[in-house]
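1. what's the 3D shape of this:
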Amino acid sequence: MIGEYSVDELLQQRANILQEIADNEEDVFISSACWGCDCGCGGDYAMEREDTLYDQLQEVEAELELHGITFSEAE
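-> This is a model prediction of the structure:
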């Protein structure tokens, strides 16, 4: 992934991933699905999806760090 995207594109990817994470959490809240539950409520899928999104976020932020852009844990 290194060097494939401009800083602006990476920042947009980061914003998109953060929005997907928020949407995923909202979907779980609305559906009353339990995180990590395998009872068929969808919580297991939602948890896997969130893990994937956080992995993608880490990759994008790691590349941004190569460009001198860092983010605090509080964001």
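
2. contacting residues around the spatially most central residue of the chain?
-> Among the residues of the chain, the one closest to the centroid is residue 53, at 3.2 Å (Cα atoms, centre = their mean). Taking Cβ atoms under 8 Å, 6 or more residues apart in numbering as the criterion, residue 53 is in contact with 17, 20, 21, 24. Where C-beta positions appear, they are placed from N, C-alpha and C, glycine not excepted.

3. Please indicate which of those residues has the highest neighbour count?
-> Most neighbours among the contacts of residue 53, by other Cβ atoms under 10 Å: residue 17, with 20 neighbours.

4. circling back to that earlier point, just the contacts of residue 53 now: which is nearest residue 65?
-> Nearest to residue 65 among those is residue 17, at 15.5 Å by Cβ to Cβ.

5. how near is the closest one to residue 70?
-> 16 Å (Cβ to Cβ, to the nearest Å).

6. Equivalent analysis for residue 13, please.
-> 16 Å.

7. Between these two, which has more neighbouring residues?
-> The neighbour comparison of residue 13 against residue 70 (other Cβ under 10 Å) goes to residue 13, with 19 against 8.

8. picking that back up, show me which pair in the contacts of residue 53 is furthest apart.
-> Using Cβ to Cβ, the contacts of residue 53 span at most 10.4 Å, a distance reached by 17 and 24.

9. Could you pull out the helices in the protein for me?
-> In the chain, the helices defined using DSSP state H lie at 7-31, 43-66.

10. how far out from the middle of the chain is the last one?
-> In other words, helix 43-66. What separates the centre of helix 43-66 from the centre of its chain is 4 Å, taken as Cα atoms, centre = their mean, to the nearest Å.
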